[in-house]
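1. Whatever this is, show me its structure:
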Amino acid sequence: MSNNDVARRGLMLVLSSPSGAGKTTLSRRLLDSDRGIALSVSVTTRPRRATEREGVDYYFVGQEEFADLADKGEFLEHATVFGNRYGTPRAVVLDELALGKDILFDIDWQGTQQLKEKMRDDLVSVFILPPSHAELERRLKSRAEDTDEVVASRMAKAADEISHWPEYDYVIVNSHLDKALMDIQAILNAERLRRNRQTGIAAFARKLTS
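-> Modelled structure (predicted):
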């Protein structure tokens with residue numbers, strides 16, 4: 001029997017970063033390379049796009065239903081972004097963790113704080129930093145669709161977001177995408193082996209000594 005055969009509680013892996021630091025790309029590559037982790041599906045009031053699927057991309061609800069869920073404490077974290085509300089459903093996450101499934105969260109520092117308050121023992125938080133101020137600005141400008149004013153606004157917001165790096169368990173400087181991905185995978189693999197997450201390890205150890 002290996003560690004993979006021992007019953008384990010799932011974990012919540014949070015990736016946060018300022019815009020342009022590579023978080024979205026790293027999230028996609030992690031999901032493609034590791035079938036043991038899935039992206040958290042949020043509840044949202046945003047209208048569903050033609051290509052989106054209920055329960056796969058989001059759970060789509062109206063404003064009143066969202067407010068009712070929030071009032072009842074059904075979200076682990078929730079926020080309003082550009083007039084639309086987004087929340088992480090408590091029941092779904094708890095069920096998946098109990099089944100040993102790992103969940104990836106692509107959220108900002110404020111959402112991370114909310115998760116930390118409610119689920120600290122299950123949370124593993126990673127902050128992604130750009131290699132330099134100049135490189136972050138270059139990446140934002142290379143997108144081509146943003147004006148200079150928008151880039152300047154994103155740079156100002158990035159400075160505020162970066163100031164929250166000490167609140168995270170791990171910090172990775174994304175100088176090279178492949179190396180940053182390897183670092184995230186190393187963190188994930190180590191955290192999966194934590195004794196308190198291996199709920200079946202006591203029974204396994206007893207069998208070795210009986």
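2. From here on, just use CA atoms for contacts and neighbour counts.
-> Will do.
3. just how off-centre is stretch 202-210 within its chain?
-> 35 Å (C-alpha atoms, centre = their mean, to the nearest Å).
4. Which residues in it does the neighbour count mark as buried?
-> Across stretch 202-210, burial judged by 16 or more other C-alpha atoms under 10 Å covers no residue at all.
5. got it, and stretch 91-110?
-> Neighbour count says stretch 91-110 has Val93, Leu97, Gly100, Lys101, Asp102, Ile103, Leu104, Phe105, Asp106, Asp108, Trp109 buried, by 16+ other C-alpha under 10 Å.
6. hang on, the third one packs against Arg9?
-> Read it as Gly100. Yes. The pair formed by Gly100 and Arg9 meets the contact definition of C-alpha atoms under 8 Å, at 4.4 Å.
7. Residues that sit against both of those two, list them.
-> The overlap between the contact sets of Gly100 and Arg9 (C-alpha atoms under 8 Å, 6 or more residues apart in numbering) is empty.
8. Enumerate every residue touching Asp5.
-> Contacts of Asp5 by C-alpha under 8 Å, 6+ apart: none found.
9. List the contacts of the lowest-mean-pLDDT helix or strand in the chain.
-> Least confident helix or strand, the chain: helix 133-142 with a mean of 79, by mean pLDDT, DSSP states H and E. Contacts to helix 133-142, defined as C-alpha under 8 Å, 6+ apart, come from residues Ser19, Gly20, Ala21, Pro130, Asp146, Asp148, Val151, Met155.
10. looking at the residues you listed, which has the most residues close by?
-> Ala21 (25 neighbours; other C-alpha atoms under 10 Å).
11. So that one is in contact with Ser175, correct?
-> No. Ala21 lies out of contact with Ser175 (C-alpha under 8 Å); the separation is 9.2 Å.
12. Turn the contacts of helix 133-142 into TSV, including distance to Asp34, pLDDT and secondary structure.
-> Listed next are those as TSV, based on distance: C-alpha to C-alpha, whole Å; pLDDT from 0 to 100; DSSP: H, G, I helix; E, B strand; the rest coil:
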residue	distance to Asp34	pLDDT	secondary structure
Ser19	24	83	coil
Gly20	23	82	coil
Ala21	21	88	coil
Pro130	24	91	coil
Asp146	33	67	coil
Asp148	37	74	helix
Val151	33	77	helix
Met155	32	83	helix
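13. Need those residues in JSON lines (columns: distance to Tyr168).
-> Listed next are the contacts of helix 133-142 as JSON lines, based on distance: C-alpha to C-alpha, whole Å:
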{"residue": "Ser19", "distance to Tyr168": "17"}
{"residue": "Gly20", "distance to Tyr168": "19"}
{"residue": "Ala21", "distance to Tyr168": "16"}
{"residue": "Pro130", "distance to Tyr168": "16"}
{"residue": "Asp146", "distance to Tyr168": "30"}
{"residue": "Asp148", "distance to Tyr168": "31"}
{"residue": "Val151", "distance to Tyr168": "26"}
{"residue": "Met155", "distance to Tyr168": "21"}
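14. Done for today, thanks.
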